[in-house]
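S.K.: test case, fold it:
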Amino acid sequence: MLNLVEIGKYIANLRTKANMSQQELADALYVTHQAVSKWETGRSLPSIDVLVNLTKLFNITIDELINCGYNDKNYDFGYLLRTYPREYVINQYVQGKINVKFEDMFYLLSSTEREVILSHIINQHLKIPIKTILPYLNPTERHRLIQAIKSGMINIDIGEIAHMLTRNELNQLTGGKRWILKK
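M.R.: Sure, this is the predicted structure:
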């Protein structure tokens, strides 16, 4: 769902950076200054042809305009979850289009969303080191991850994560064999 208020603020910001008044922008786009005012206050959205002309005028893409300058890299993940459809944001994260640390985003997700992320990690569509995610998982998620390691879906040197595992988890992975940690 588009956030008209945020898009309007972004258009106003672009206009201000270009040292243009609302009237000057209106003249450049062959619309009224009232139309520009409505966009900037989030009461309406420019038509498609005007959007295209805005992108040419400010040398940006339609995606940048619709996403308020969001360039896939430098937005607060919480802001993205509040502003855009959560499924879209999570898909963008999985595709590597949102650069945010796992530990800065995982706690913001619902249990279902966490499951989606964990599935992508287990299926190796999302490359996050196991030692990074392990401390953030709840017992059910840890069990699922341990089972994926045990079944060979995830290839990892147990020594890398042994200090993070419970005795029971370590026994599951080693078949009950005694594990000596190297110092």
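
S.K.: what sits against the closest residue to Phe58 other than its chain neighbours?
M.R.: With Cβ to Cβ, 6 or more residues apart in numbering as the criterion, Phe58 has its nearest non-adjacent residue at 4.7 Å, and that residue is Leu14. The C-beta positions use only the backbone N, C-alpha and C, and glycine is treated the same way. Residues in contact with Leu14 (Cβ atoms under 8 Å, 6 or more residues apart in numbering) are Leu54, Phe58, Ile60.

S.K.: buried residues in the helix or strand hosting the first one?
M.R.: If I follow you right, that is Leu54. Assessed by DSSP states H and E, Leu54 sits inside helix 48-58. For helix 48-58, a neighbour-count test (16 or more other Cβ atoms under 10 Å) marks Val50, Leu51, Asn53, Leu54, Thr55, Leu57, Phe58 as buried.

S.K.: domain ranges for this structure?
M.R.: According to automatic domain parsing, the chain comprises the domains 4-66, 102-174.

S.K.: please state the backbone phi and psi of Gln172?
M.R.: Gln172 adopts backbone torsions of phi -60, psi -40, taken as degrees, to the nearest 10.

S.K.: that one and Leu145 touch, don't they?
M.R.: No. Taking Cβ atoms under 8 Å as the definition, Gln172 is not a contact partner of Leu145, at 11.0 Å.

S.K.: okay if I get the contacts of Leu14 as a markdown table plus distance to Leu137 and pLDDT?
M.R.: Converted to a markdown table, the contacts of Leu14 look like this (distance: Cβ to Cβ, whole Å; pLDDT from 0 to 100):
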| residue | distance to Leu137 | pLDDT |
| --- | --- | --- |
| Leu54 | 44 | 92 |
| Phe58 | 43 | 89 |
| Ile60 | 39 | 83 |
